[in-house]
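Asks: pasting a predicted model and its sequence here:
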Amino acid sequence: MVMIAGTYIQNGLERTVSVNELSSLRFGPDTITSAKSDPGAFTRLYFRHYDAIFKYCVHRLFDRQTAEDVTSEVFLSIVKNFHTFEGNERQFRNWIYRIATNAVNQHLRKSSRQKAILFRIEQQTNEANGDDGGSKSESQEDAFIVKRALLALKPKDQTIITMRFFENLKLEEIAEIVGTSAGTVRSQLSRALAKLRKQFTSARKGGREAAL
Amino acid sequence: MNNEKQFEDLLRTVKFDDEPNHRHRDKLGQELLAAFAGQQRQQRRTSLDIWRTIMQSKITKLAAVAAVIIVVGVMGIRRQQQNPGKPISSVEFLAKAQAAEQTLFAKDQIVHIVSEITVFGNSYNQRANELLEKLKDPKLSSEQVNAINRDLISSWMVSWLPMASLQANGEQRLTEIRLSGESDQPYTIYDHAWYEHSTGRFVRIMETEDSIIFANAFDGGFVYLTTAGQDGTLQLKSQAITGDFRAPENPAEFLGITAGVRQCLSDKCVVEPVQEVTEDTLEDGTSVLVYKLGFTDPWGKMNTYYLMKVRRADEIIAEIEYTYNGQKRLHIRRIASETVDSPDYSWNLAELDSEELGGEKPSDVSVADVAIPNISVRDMIERAGFETYIFSNDPAWTQERMIVDVVDPMNPTSRMFIVLYTAQDSRHVLLIESQGHNKYMSAMFRQAEANGQPIKHTTYANGCKLYEKVGGEDFWTDMSFRHCGFEPAKDRMGLITETPAGTFPLIAINGALSEEELAGLMNSLIPAREYKVK
């Protein structure tokens, strides 16, 4: 079965691309160079990275609608600044993660947005339990508390934890993205996790006491 | 939950609704293609602007010394010949000092450097106006006029702190921080710099006890810089770095104790060679050599100077004192240099709270761009606050025009405008206008008239006057063109004019004009508000 994955325009012609075709696309060393002038090559590059960036945005913002908006913002920013980028595709990936991180952080700067996100998380958790807010399972309750605790962390800490645990990136990969050494990421991650665990433990304890 | 492993496992089980929506992906893909095509058109236009981009940095340098050019130049004072007996060039000295300071930044860990900057009283605004009033008194003797001039220059040239910061295109930008216009009390600022040698990332935060007054950072992908908004509040701008950007090789050029100072004492400035070297001991017992370097004032004395206190052990500058006209104005000293695990502020300054930025701008601190290149005629009219003039037609022998808005060194509350016309035959033209200069020249000319020694002039059909030479034209035109990046021509001209609006534009031409060309130039001066875009 051929699944429709997307369309792109090359030389003015609109094409439909299947997942099979997408996965078979190969990126040579001059992919970035050709993508700067060739809309088709750029579109291929976009399709290759869209999912990762969208997922990263969801993992930071916990809401797919907001994540789609921020993802759009990220890729439009990439188009705008693409001519200034120099490097291979791995460096390109690091670059777009950095842009996404900045866009997400920028979005989260407004506390009203954070409150809206918290509200939506709770709503989603309740919906997952048949609109019965009182019957969340323990794991769902934990997930809710984790997300809330993450939002309370500094953006830098949120970034590293998300990249490590939700994107499953290696320390070396995170280090490349944030522009530091793996050792520094390791120690930053350790500190960030300690803060998160403290927040989590305290919130869970508070929740249980309230329930009693 | 006490077990770390258990907690990490819990994190891995958190579920997200993160399946991409192909409809959004495709729609965005289409939008990107349209944006991509638009961007490519923009790129083609941008490449035509390279010449202008190059010019911008040169103009910035011009702005940094504009005060010296105008004040010293117009008053007819020539630069003194350098004394061959003093072989240490101040520029070489500063370059060496910054190279030494670079070693402070070259560490495996993140470096944190703190400087304490004390700014001494600076009620120049009010004093300058009083002095200008006094200058109009026809009964003044020449000695009294000189004394007032000395005070005036003192009031213009002080009370600002040069700031060099890094922009997203890799170019440095000069801003100045002016402190209270009315207070005579010393003011202390703490200048924090964190720098990571391996990545080039940095954060610079300048703060008073109450709030941040300046911030600049680079996080690897974006550059963050504070600017003063129209409403006077401090705003943080973030920009993705461009292809021209390179992580700075020597952070000492814009971080730490000498940041900004060297830019203001470039080799094209009037700074004299190092005058003397003495020995001293700092409060903490550090043995230092004190280098004195500065400017010769219009009366041939060096009452304006920097004292650079250099540690004997490693040749790094530990303290800088700036004295203007015999009065200490700035004292900068490094109070900490350490390595840390992480900066107190994120490299990504977008994470700064607006509260940390002070929310409302402190009433006694303002930050202004030293130079804003490429503004329009309309911008100039709106920002000036006085009647600006421009040539109705660009001089026939010139090809390009650029207007630069720079800080007015003589009048801290207003701006100066430099209109630069470049010519292929090198006869570039500069038209310079500022409110401070207008006030000063008005007072000086009235003074001359009152003393029965009016300066002769020619009046043109448009009512503009061209004054005869008053002296110093060679000096200020030389400085002006050098700082624009042009070799001054031997037959260059410096003109002082007066418009019907009572303003005194200066015109510099890098080469000789025929009588006809000069008349055409003068007659084409019109109020900028009457200018029609061709």
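Replies: Thanks, I have it. Residues are numbered from 1 along each chain as shown, chains lettered A, B, ... in the order given.

Asks: drop to CA atoms for contacts and neighbour counts, all remaining ones
Replies: Will do.

Asks: which other residues reach stretch B:376-383?
Replies: B:387-388, B:403, B:405, B:415, B:417, B:528-529, B:531 (CA atoms under 8 Å, 6 or more residues apart in numbering or on different chains).

Asks: contacts only, for residue 166.
Replies: In the absence of a named chain, chain A is used. Contacts of residue A:166 by CA under 8 Å, 6+ apart are A:56, A:59, B:12.

Asks: my question was about chain B, not that one.
Replies: So residue B:166 contacts B:172-173, B:216-217, B:223, B:254 (CA under 8 Å, 6+ apart).

Asks: would you list those residues in CSV and tack on distance to chain A and neighbour count?
Replies: Output for the contacts of residue B:166, formatted as CSV (distance: CA to the nearest CA, whole Å; neighbours: other CA atoms under 10 Å in any protein chain shown):
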residue, distance to chain A, neighbour count
B:172, 18, 18
B:173, 20, 20
B:216, 16, 26
B:217, 14, 28
B:223, 11, 28
B:254, 21, 24
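
Asks: so which of those residues are in strands?
Replies: B:172-173, B:216-217, B:223 (DSSP state E).

Asks: residues near the residue of chain A at minimum distance from chain B, how many?
Replies: Using CA to the nearest CA, the closest approach of chain A to chain B is made by residue A:84 at 3.8 Å. A count of neighbours around residue A:84, defined by other CA atoms under 10 Å in any protein chain shown, yields 16.

Asks: can you tell me the closest non-neighbouring residue to it?
Replies: residue B:243 (3.8 Å; CA to CA, 6 or more residues apart in numbering or on different chains).

Asks: which one of the contacts of stretch B:376-383 has the most neighbours?
Replies: residue B:417 (29 neighbours).

Asks: quick one: the strands in chain A?
Replies: A:4-10, A:13-18.

Asks: name the residues of the stretch 301-450 of chain B found near chain A, please.
Replies: Counting by CA under 8 Å from any CA of the partner chain, the stretch 301-450 of chain B comes close to chain A at B:346, B:348, B:350-351, B:353.

Asks: closest to residue B:499 out of those residues?
Replies: residue B:350 (47.2 Å; CA to CA).

Asks: so how many other residues sit close to that closest one?
Replies: Residues within reach of residue B:350, counting by other CA under 10 Å, total 22.

Asks: include pLDDT and distance to residue A:149 when you put the residues of the stretch 301-450 of chain B next to chain A into TSV, please.
Replies: Formatted as TSV, those follow (pLDDT from 0 to 100; distance: CA to CA, whole Å):
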residue	pLDDT	distance to residue A:149
B:346	86	20
B:348	87	21
B:350	80	21
B:351	73	18
B:353	64	19
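
Asks: what comes up buried for the host helix or strand of residue B:445?
Replies: Using DSSP states H and E, residue B:445 sits within helix B:435-450. Neighbour counts over helix B:435-450 (16 or more other CA atoms under 10 Å in any protein chain shown) mark B:435-447 as buried.

Asks: output those residues as CSV; include the columns pLDDT.
Replies: As requested, the buried residues of helix B:435-450 are arranged in CSV below (pLDDT from 0 to 100):
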residue, pLDDT
B:435, 85
B:436, 79
B:437, 80
B:438, 85
B:439, 81
B:440, 78
B:441, 80
B:442, 82
B:443, 77
B:444, 75
B:445, 76
B:446, 75
B:447, 72
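
Asks: circling back: filter the contacts of residue A:166 down to just the buried residues.
Replies: A:56, A:59.

Asks: nearest to residue B:314 among the contacts of residue A:166?
Replies: residue A:56 (48.1 Å).

Asks: how about the contacts made by the closest one?
Replies: A:162-163, A:166-167.

Asks: for the chain, which segments count as helices?
Replies: Since no chain was named, I'll use chain A. In chain A, the segments counted as helices under DSSP state H are A:19-24, A:31-37, A:39-61, A:64-81, A:89-108, A:111-128, A:138-152, A:155-161, A:171-178, A:182-211.

Asks: think we crossed wires, I meant chain B
Replies: B:4-12, B:22-47, B:50-64, B:66-67, B:73-74, B:90-105, B:124-135, B:142-157, B:261-264, B:377-384, B:435-450, B:473-483, B:515-523.

Asks: where does chain A have low pLDDT?
Replies: A:1-30, A:110-112, A:127-136, A:207-212 (pLDDT under 70).

Asks: and the residue nearest the centre of it?
Replies: In chain A, the C-alpha closest to the average C-alpha coordinate belongs to residue A:56, at a distance of 1.1 Å (CA atoms, centre = their mean).

Asks: which residue packs closest to residue B:113, ignoring adjacent ones?
Replies: residue B:337 (4.4 Å).

Asks: the one you found contacts residue B:106, doesn't it?
Replies: No - contact between residue B:337 and residue B:106 fails when scored by CA atoms under 8 Å: they sit 11.9 Å apart.

Asks: residue in the stretch 151-300 of chain B nearest to chain A?
Replies: residue B:243 (3.8 Å).

Asks: pull the number of nearby residues for that residue.
Replies: 15.

Asks: now residue B:4
Replies: Residue B:4 has 13 neighbours, counted by other CA under 10 Å.

Asks: check what pLDDT it gets.
Replies: Here the pLDDT value assigned to residue B:4 is 83.

Asks: try residue B:230
Replies: For residue B:230, the predicted pLDDT is 56.

Asks: same for the biggest strand by length in chain B, what does it pack against?
Replies: The longest strand of chain B (DSSP E) is strand B:327-340. Strand B:327-340 sits against strand B:110-119, strand B:317-324, with contacts defined as 3 or more CA pairs under 8 Å, 6 or more residues apart in numbering or on different chains; DSSP states H and E.

Asks: one more time with 10 Å, if that's ok
Replies: Using 3 or more CA pairs under 10 Å, 6 or more residues apart in numbering or on different chains; DSSP states H and E, the elements in contact with strand B:327-340 are helix B:90-105, strand B:110-119, strand B:160-166, strand B:187-195, strand B:304-311, strand B:317-324.

Asks: next, format these as TSV and append mean pLDDT.
Replies: Formatted as TSV, these follow (pLDDT from 0 to 100):
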stretch	mean pLDDT
helix B:90-105	76
strand B:110-119	86
strand B:160-166	68
strand B:187-195	85
strand B:304-311	84
strand B:317-324	84
